[in-house]
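[1] can you look at this prediction? I've put the sequence above it.
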Amino acid sequence: IPGASTCLAVRGILQGAAEAPFFALLGFYNLTSGYLRWADDLSDDAALEKREPPSIVHGRKRMKWAHQMLWVLLLVDFVVEELLGRVCQMHAVRLLGGASADNAVTLVEYRTLSFAV
């Protein structure tokens, strides 16, 4: 499962780079989630075996901070752009979301709904 989640995260980063920075950052968020799960597993295994955890898990604290900051950034952007901008039509500013044509619904809108759920 860690390999599949990493593959999907990288796929999200690459697709997001082509569509909208929001989805690229969401891919990075998913990638950091995978790293944190993996680092926790390695640390727990090392504790059970009463040995020192591998050096790769020492970046966990900084990665956890980055993970939380990405979540806050994505959540704020979602509220400002999608809910206030597209749904309530209070503004037309696009920071991380892709440009939207008023007459066509794209996959970006469906992926936005998926993020909200």
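    Cool, the structure landed.
[2] sketch out the low-pLDDT regions of the protein for me.
    Applying pLDDT under 70 to the chain picks out residues 1, 98-117.
[3] at 80 what do you get?
    1-3, 82-83, 85-89, 91-117 (pLDDT under 80).
[4] and the helices in it?
    Using DSSP state H, the helices of the chain run over residues 2-19, 21-48, 60-77, 107-116.
[5] so which of those helices comes closest to Gly85?
    helix 60-77 (10.0 Å; C-beta to C-beta). In this view, the C-beta of every residue, glycine as well, is placed from N, C-alpha and C.
[6] just to revisit the earlier point, which of the helices of the chain is buried the deepest?
    helix 21-48 (a mean of 17; mean count of other C-beta atoms under 10 Å).
[7] make sure Pro21 is actually in contact with Leu96.
    Yes. The pair Pro21 / Leu96 is scored as a contact, 4.6 Å apart, by C-beta atoms under 8 Å.
[8] that older thread, between the helices of the chain, which gets nearest to Met90?
    Met90 sits nearest to helix 60-77 of all the helices of the chain, at 14.7 Å, using C-beta to C-beta.
[9] quick one, that closest one and helix 21-48 angle?
    Angle of helix 60-77 versus helix 21-48, following axes from the mean of the first three to the mean of the last three C-alpha atoms, to 10 degrees, is 150 degrees.
[10] show me what helix 60-77 is packed against.
    Here helix 60-77 touches helix 21-48, going by 3 or more C-beta pairs under 8 Å, 6 or more residues apart in numbering; DSSP states H and E.
[11] the inter-axis angle of the helix it packs on versus helix 2-19?
    160 degrees.
[12] gap between helix 21-48 and the chain center?
    With C-alpha atoms, centre = their mean, to the nearest Å as the basis, helix 21-48 stands 11 Å off its chain's centre.
[13] next, the contact list for Val93, please.
    The contact partners of Val93, taken as C-beta atoms under 8 Å, 6 or more residues apart in numbering, are 80-81, 85.
[14] how close does it sit to Met69?
    To Met69, Val93 is 21 Å away according to C-beta to C-beta, to the nearest Å.
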